[in-house]
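[1] Okay, sequence plus prediction incoming.
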Amino acid sequence: MSTAPLLTEVDSEWRTELADGLRSIAWSPGGRLVAVDAAGVVLIDRPEQRSTPVGPDPIAATWLGDRRVLVADAAIGVVSVGGGCERLGRVASCLVGSGRTVVAGCADELVVWRVDARDVVTVESRCGRVRAIAPITSTLWAVAGADGVSVVDVALDAADVVVEIPGALTVAAHPGVDFVAASDVSGTVHLIPLGGGVAGAELDGYPDRVRRLGWVAGVTAQLVAVADDELTWWQVSEAAGAADQPVTVVAHESAITALAVDASGMVVSGDAGGGVRLWSPLLPDRPVWAAELGAPVTAVAWSRDGDRMVVGCGDGSLVRFRVFPGSIA
(Lines give C-alpha, C1' and ligand atoms only; values in the text may rest on other atoms or scores of the structure.)
Protein backbone atom coordinates (compact mmCIF):
# COMPACT_ATOMS: atom_id res chain seq x y z
CA MET A 1 0.00 0.00 0.00
CA SER A 2 1.40 3.39 -1.03
CA THR A 3 2.35 5.81 1.72
CA ALA A 4 2.63 8.81 -0.62
CA PRO A 5 0.35 11.75 0.20
CA LEU A 6 -2.40 12.61 -2.28
CA LEU A 7 -0.99 16.12 -2.75
CA THR A 8 2.70 17.00 -2.79
CA GLU A 9 4.06 18.18 0.57
CA VAL A 10 7.24 20.20 1.17
CA ASP A 11 9.03 20.81 4.49
CA SER A 12 11.94 23.19 5.09
CA GLU A 13 14.81 21.29 6.75
CA TRP A 14 17.29 24.14 7.25
CA ARG A 15 18.27 27.57 6.00
CA THR A 16 21.65 29.27 6.15
CA GLU A 17 23.38 32.38 4.81
CA LEU A 18 26.63 32.48 2.85
CA ALA A 19 28.71 35.61 2.40
CA ASP A 20 27.69 36.20 -1.22
CA GLY A 21 25.19 35.05 -3.83
CA LEU A 22 24.97 31.35 -4.65
CA ARG A 23 26.60 30.35 -7.93
CA SER A 24 26.19 26.57 -8.01
CA ILE A 25 24.67 23.62 -6.09
CA ALA A 26 25.23 19.90 -6.70
CA TRP A 27 24.58 16.52 -5.07
CA SER A 28 26.89 13.53 -5.10
CA PRO A 29 25.74 9.99 -6.02
CA GLY A 30 25.68 9.12 -2.30
CA GLY A 31 23.62 12.15 -1.28
CA ARG A 32 26.31 14.64 -0.26
CA LEU A 33 25.71 18.33 -0.92
CA VAL A 34 28.03 21.05 -2.22
CA ALA A 35 27.27 24.73 -2.75
CA VAL A 36 29.62 27.54 -3.78
CA ASP A 37 28.97 31.28 -3.51
CA ALA A 38 30.28 34.21 -5.55
CA ALA A 39 33.09 34.77 -3.02
CA GLY A 40 34.43 31.25 -3.64
CA VAL A 41 33.34 29.79 -0.29
CA VAL A 42 32.40 26.11 -0.58
CA LEU A 43 29.78 24.61 1.76
CA ILE A 44 29.79 20.82 2.05
CA ASP A 45 26.93 18.80 3.59
CA ARG A 46 26.07 21.10 6.52
CA PRO A 47 25.71 24.86 7.10
CA GLU A 48 28.66 24.95 9.50
CA GLN A 49 31.06 23.06 7.21
CA ARG A 50 32.61 25.69 4.93
CA SER A 51 35.95 26.31 3.25
CA THR A 52 38.02 29.43 2.86
CA PRO A 53 37.55 30.96 -0.64
CA VAL A 54 38.91 28.68 -3.36
CA GLY A 55 38.80 31.26 -6.18
CA PRO A 56 37.68 34.81 -6.93
CA ASP A 57 35.06 34.03 -9.63
CA PRO A 58 33.52 30.53 -9.36
CA ILE A 59 31.00 29.53 -12.02
CA ALA A 60 30.17 25.91 -11.16
CA ALA A 61 30.82 23.12 -8.66
CA THR A 62 30.17 19.39 -8.88
CA TRP A 63 31.14 16.07 -7.27
CA LEU A 64 33.64 13.56 -8.59
CA GLY A 65 32.41 10.51 -6.70
CA ASP A 66 31.48 11.15 -3.07
CA ARG A 67 34.75 12.46 -1.66
CA ARG A 68 36.04 15.07 -4.10
CA VAL A 69 34.56 18.36 -5.33
CA LEU A 70 35.65 20.17 -8.49
CA VAL A 71 35.04 23.92 -8.78
CA ALA A 72 35.39 25.81 -12.06
CA ASP A 73 36.61 29.37 -11.54
CA ALA A 74 36.70 31.87 -14.40
CA ALA A 75 39.94 33.43 -13.12
CA ILE A 76 42.11 30.53 -11.97
CA GLY A 77 40.64 27.45 -13.67
CA VAL A 78 39.39 24.20 -12.15
CA VAL A 79 40.13 23.58 -8.47
CA SER A 80 39.90 20.28 -6.59
CA VAL A 81 38.58 20.33 -3.01
CA GLY A 82 38.91 17.25 -0.82
CA GLY A 83 41.99 16.30 1.12
CA GLY A 84 43.29 19.80 0.49
CA CYS A 85 42.79 22.37 -2.24
CA GLU A 86 44.58 21.81 -5.56
CA ARG A 87 44.57 23.90 -8.73
CA LEU A 88 44.06 21.71 -11.78
CA GLY A 89 44.38 24.48 -14.39
CA ARG A 90 42.25 24.83 -17.58
CA VAL A 91 39.80 27.72 -17.33
CA ALA A 92 36.34 26.35 -18.12
CA SER A 93 33.10 27.88 -19.37
CA CYS A 94 31.01 25.06 -17.87
CA LEU A 95 31.51 22.07 -15.56
CA VAL A 96 29.12 19.13 -15.11
CA GLY A 97 29.34 15.85 -13.20
CA SER A 98 27.52 12.56 -13.76
CA GLY A 99 28.64 10.77 -10.60
CA ARG A 100 32.00 9.15 -11.32
CA THR A 101 32.86 11.43 -14.25
CA VAL A 102 33.22 15.22 -14.51
CA VAL A 103 33.47 17.05 -17.84
CA ALA A 104 34.48 20.68 -18.33
CA GLY A 105 34.08 22.78 -21.45
CA CYS A 106 37.39 24.57 -22.10
CA ALA A 107 37.34 26.65 -25.30
CA ASP A 108 36.65 24.06 -28.06
CA GLU A 109 37.68 21.04 -25.97
CA LEU A 110 36.26 18.80 -23.28
CA VAL A 111 38.44 18.00 -20.28
CA VAL A 112 37.47 14.79 -18.47
CA TRP A 113 38.20 13.60 -14.91
CA ARG A 114 37.21 10.12 -13.67
CA VAL A 115 37.13 8.67 -10.17
CA ASP A 116 39.04 5.54 -11.17
CA ALA A 117 41.65 7.20 -13.46
CA ARG A 118 44.72 9.25 -12.60
CA ASP A 119 45.09 10.84 -16.03
CA VAL A 120 43.01 13.74 -17.28
CA VAL A 121 41.62 13.20 -20.80
CA THR A 122 41.16 15.98 -23.37
CA VAL A 123 38.68 15.52 -26.23
CA GLU A 124 37.74 17.81 -29.12
CA SER A 125 34.17 19.11 -28.88
CA ARG A 126 33.59 18.83 -32.65
CA CYS A 127 31.15 21.77 -32.40
CA GLY A 128 33.28 24.83 -31.71
CA ARG A 129 33.62 26.77 -28.48
CA VAL A 130 31.71 24.89 -25.78
CA ARG A 131 28.74 26.65 -24.16
CA ALA A 132 26.93 23.78 -22.40
CA ILE A 133 27.31 20.05 -21.76
CA ALA A 134 24.98 17.34 -20.48
CA PRO A 135 25.60 13.67 -19.62
CA ILE A 136 23.74 10.91 -21.46
CA THR A 137 25.81 8.15 -19.84
CA SER A 138 29.12 8.26 -17.95
CA THR A 139 31.05 8.27 -21.26
CA LEU A 140 28.52 9.69 -23.74
CA TRP A 141 27.96 13.46 -23.48
CA ALA A 142 25.87 15.98 -25.42
CA VAL A 143 27.72 19.21 -26.19
CA ALA A 144 26.37 22.58 -27.36
CA GLY A 145 28.95 24.80 -29.02
CA ALA A 146 29.12 27.94 -31.08
CA ASP A 147 28.87 25.90 -34.31
CA GLY A 148 26.31 23.25 -33.35
CA VAL A 149 25.64 20.19 -31.22
CA SER A 150 27.71 17.02 -30.91
CA VAL A 151 27.36 13.76 -29.01
CA VAL A 152 30.85 12.78 -27.90
CA ASP A 153 32.12 9.53 -26.43
CA VAL A 154 34.77 10.88 -24.06
CA ALA A 155 36.31 7.41 -23.63
CA LEU A 156 36.81 6.75 -27.36
CA ASP A 157 37.27 10.36 -28.55
CA ALA A 158 34.51 9.85 -31.11
CA ALA A 159 31.56 12.05 -32.09
CA ASP A 160 28.54 9.93 -33.03
CA VAL A 161 26.14 12.78 -33.85
CA VAL A 162 27.17 16.21 -35.08
CA VAL A 163 24.48 18.71 -36.10
CA GLU A 164 25.20 22.19 -37.42
CA ILE A 165 23.16 24.67 -35.36
CA PRO A 166 24.72 28.15 -35.49
CA GLY A 167 24.61 29.75 -32.06
CA ALA A 168 23.64 26.66 -30.06
CA LEU A 169 23.00 27.89 -26.54
CA THR A 170 22.17 25.04 -24.17
CA VAL A 171 21.58 21.29 -24.27
CA ALA A 172 19.71 18.64 -22.26
CA ALA A 173 19.81 14.86 -22.37
CA HIS A 174 18.47 11.90 -20.42
CA PRO A 175 19.71 8.27 -20.59
CA GLY A 176 16.13 6.99 -20.97
CA VAL A 177 15.22 9.35 -23.83
CA ASP A 178 16.19 8.80 -27.48
CA PHE A 179 16.58 12.51 -28.19
CA VAL A 180 18.93 15.30 -27.28
CA ALA A 181 17.35 18.74 -27.03
CA ALA A 182 19.27 21.94 -27.76
CA SER A 183 18.29 25.58 -28.02
CA ASP A 184 19.90 28.34 -30.06
CA VAL A 185 20.20 32.11 -29.92
CA SER A 186 17.21 32.56 -32.28
CA GLY A 187 14.80 31.08 -29.71
CA THR A 188 14.34 27.69 -31.42
CA VAL A 189 14.61 24.31 -29.68
CA HIS A 190 16.02 21.48 -31.78
CA LEU A 191 15.07 17.87 -31.11
CA ILE A 192 17.94 15.64 -32.26
CA PRO A 193 17.37 11.85 -32.48
CA LEU A 194 20.28 9.78 -31.18
CA GLY A 195 19.77 6.88 -33.55
CA GLY A 196 17.63 6.63 -36.69
CA GLY A 197 13.84 6.80 -36.45
CA VAL A 198 11.95 10.05 -36.83
CA ALA A 199 13.77 13.09 -38.21
CA GLY A 200 14.70 15.90 -35.88
CA ALA A 201 12.14 18.60 -35.17
CA GLU A 202 12.28 22.33 -34.48
CA LEU A 203 10.12 23.64 -31.65
CA ASP A 204 9.53 27.38 -31.71
CA GLY A 205 7.05 30.10 -30.70
CA TYR A 206 8.89 31.19 -27.54
CA PRO A 207 8.78 34.80 -26.27
CA ASP A 208 12.56 34.87 -25.76
CA ARG A 209 15.64 32.66 -25.99
CA VAL A 210 15.25 29.26 -24.34
CA ARG A 211 18.03 29.33 -21.76
CA ARG A 212 17.07 26.23 -19.72
CA LEU A 213 15.94 22.75 -20.73
CA GLY A 214 15.17 19.57 -18.80
CA TRP A 215 13.85 16.07 -19.52
CA VAL A 216 11.08 14.32 -17.61
CA ALA A 217 11.37 10.63 -18.45
CA GLY A 218 8.38 8.29 -18.28
CA VAL A 219 6.11 6.21 -20.49
CA THR A 220 5.95 9.34 -22.63
CA ALA A 221 8.93 11.60 -22.14
CA GLN A 222 8.40 15.32 -21.69
CA LEU A 223 10.80 18.11 -22.56
CA VAL A 224 10.57 21.14 -20.26
CA ALA A 225 11.70 24.45 -21.77
CA VAL A 226 12.09 27.85 -20.10
CA ALA A 227 11.80 31.18 -21.89
CA ASP A 228 11.42 34.37 -19.87
CA ASP A 229 8.56 33.68 -17.41
CA GLU A 230 7.07 30.75 -19.37
CA LEU A 231 7.37 27.02 -18.75
CA THR A 232 6.58 24.77 -21.74
CA TRP A 233 6.02 20.99 -21.62
CA TRP A 234 6.45 19.02 -24.87
CA GLN A 235 5.46 15.35 -25.01
CA VAL A 236 8.07 13.44 -27.02
CA SER A 237 8.08 9.84 -28.26
CA GLU A 238 10.52 7.87 -30.40
CA ALA A 239 7.78 6.92 -32.89
CA ALA A 240 6.11 10.32 -33.37
CA GLY A 241 8.62 12.90 -32.20
CA ALA A 242 7.17 15.95 -30.46
CA ALA A 243 3.46 16.52 -29.94
CA ASP A 244 1.76 19.12 -32.17
CA GLN A 245 0.96 21.40 -29.25
CA PRO A 246 2.76 21.76 -25.91
CA VAL A 247 1.34 22.74 -22.54
CA THR A 248 2.50 26.31 -21.90
CA VAL A 249 2.00 28.23 -18.68
CA VAL A 250 3.10 31.65 -17.44
CA ALA A 251 4.87 30.06 -14.51
CA HIS A 252 6.28 33.05 -12.62
CA GLU A 253 5.70 36.75 -12.11
CA SER A 254 9.26 37.52 -13.27
CA ALA A 255 11.89 35.84 -15.45
CA ILE A 256 12.76 32.24 -14.57
CA THR A 257 16.40 32.06 -13.52
CA ALA A 258 16.83 28.43 -12.39
CA LEU A 259 15.41 25.01 -13.31
CA ALA A 260 16.01 21.42 -12.16
CA VAL A 261 14.27 18.11 -12.87
CA ASP A 262 14.48 15.12 -10.52
CA ALA A 263 14.48 11.43 -11.41
CA SER A 264 10.76 10.98 -10.66
CA GLY A 265 9.79 13.91 -12.90
CA MET A 266 9.21 16.66 -10.36
CA VAL A 267 10.40 20.05 -11.61
CA VAL A 268 11.52 23.03 -9.52
CA SER A 269 11.87 26.52 -10.97
CA GLY A 270 13.01 29.80 -9.43
CA ASP A 271 12.71 33.38 -10.61
CA ALA A 272 14.40 36.78 -10.44
CA GLY A 273 11.98 37.97 -7.77
CA GLY A 274 12.67 35.12 -5.34
CA GLY A 275 9.73 32.92 -6.24
CA VAL A 276 10.08 29.13 -6.17
CA ARG A 277 7.56 26.83 -7.86
CA LEU A 278 7.28 23.04 -7.75
CA TRP A 279 5.67 21.25 -10.69
CA SER A 280 4.37 17.71 -11.20
CA PRO A 281 4.17 16.05 -14.65
CA LEU A 282 0.72 14.85 -13.54
CA LEU A 283 -0.49 18.48 -13.44
CA PRO A 284 1.79 20.54 -15.68
CA ASP A 285 -0.38 23.65 -16.01
CA ARG A 286 -0.14 24.82 -12.38
CA PRO A 287 2.39 24.52 -9.54
CA VAL A 288 1.76 22.00 -6.77
CA TRP A 289 3.71 24.14 -4.26
CA ALA A 290 5.10 27.66 -4.13
CA ALA A 291 7.29 29.78 -1.86
CA GLU A 292 8.78 33.28 -1.81
CA LEU A 293 12.40 33.53 -0.65
CA GLY A 294 12.81 37.30 -1.00
CA ALA A 295 15.90 37.36 -3.25
CA PRO A 296 16.62 36.28 -6.86
CA VAL A 297 16.94 32.50 -7.18
CA THR A 298 20.32 31.69 -8.73
CA ALA A 299 20.64 27.90 -8.33
CA VAL A 300 18.44 24.85 -7.66
CA ALA A 301 19.32 21.15 -7.44
CA TRP A 302 17.66 17.82 -6.60
CA SER A 303 19.23 15.01 -4.63
CA ARG A 304 19.72 11.83 -6.67
CA ASP A 305 16.80 10.09 -4.90
CA GLY A 306 14.47 13.06 -5.43
CA ASP A 307 13.68 13.37 -1.72
CA ARG A 308 15.38 16.74 -1.24
CA MET A 309 15.88 19.94 -3.18
CA VAL A 310 18.15 22.86 -2.39
CA VAL A 311 17.56 26.44 -3.50
CA GLY A 312 20.20 29.19 -3.49
CA CYS A 313 19.63 32.92 -3.86
CA GLY A 314 21.51 36.07 -4.85
CA ASP A 315 21.68 37.31 -1.25
CA GLY A 316 23.60 34.21 -0.13
CA SER A 317 20.67 32.36 1.39
CA LEU A 318 20.59 28.58 0.94
CA VAL A 319 17.51 26.52 1.83
CA ARG A 320 17.15 22.73 1.89
CA PHE A 321 13.68 21.23 1.53
CA ARG A 322 12.29 17.71 2.00
CA VAL A 323 9.77 16.81 -0.73
CA PHE A 324 7.00 14.21 -0.52
CA PRO A 325 5.59 13.86 -4.08
CA GLY A 326 1.81 13.40 -4.19
CA SER A 327 0.16 10.45 -5.87
CA ILE A 328 -2.26 12.68 -7.83
CA ALA A 329 -0.46 16.06 -7.97
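    That came through, no problem.
[2] Could I get the contacting residues of Phe324?
    Ala4, Pro5, Thr8, Glu9, Val10, Asp11 (Cβ atoms under 8 Å, 6 or more residues apart in numbering). Every C-beta, even on glycine, is put in place using the N, C-alpha and C of the backbone.
[3] In strands only, show me those residues.
    Judged by DSSP state E, the subset of those located in strands is Glu9, Val10, Asp11.
[4] Return the closest of those residues with respect to Thr188.
    Val10 (34.3 Å; Cβ to Cβ).
[5] hang on, isn't that closest one packed against Trp289?
    Yes. With contact defined as Cβ atoms under 8 Å, Val10 reaches Trp289; the gap is 4.9 Å.
[6] follow-up on the earlier one: most neighbours among the contacts of Phe324, which one is it?
    Counting neighbours by other Cβ atoms under 10 Å, the top entry in these is Thr8, with 22 neighbours.
[7] now it: how far from Trp279?
    Between Thr8 and Trp279 the distance is 9 Å, computed by Cβ to Cβ, to the nearest Å.
[8] quick one: common contacting residues for those two?
    In contact with both Thr8 and Trp279: Met266, Val288, using Cβ under 8 Å, 6+ apart.
[9] And the closest residue in space to Ser303 that isn't next to it in sequence, how far from Ala60?
    Closest residue in space to Ser303, ignoring its immediate chain neighbours: Trp27 at 4.7 Å, by Cβ to Cβ, 6 or more residues apart in numbering. Trp27 is 14 Å from Ala60, where distance means Cβ to Cβ.
[10] Likewise for Cys313?
    Going from Cys313 to Ala60 by Cβ to Cβ gives 17 Å.
[11] Quick one: low-confidence residue ranges for the chain.
    Residue ranges of the chain with pLDDT under 70: 1-2, 196-199, 239-240.
[12] Tell me which residue is most central in it.
    In the chain, the centroid-proximal residue (Cα atoms, centre = their mean) is Ala260; its distance is 5.9 Å.
[13] May I have the strands that pair with the helix or strand containing that residue, each with its orientation?
    Assigned by DSSP states H and E, Ala260 belongs to strand 256-261. Counting by DSSP bridges, the strands paired with strand 256-261 are strand 267-271 (antiparallel).
[14] which residues does Pro135 contact?
    Neighbours of Pro135 in contact, by Cβ under 8 Å, 6+ apart: Val96, Gly97, Ser98, Thr101, Val103, Trp141, Ala142, Ala173, Pro175.
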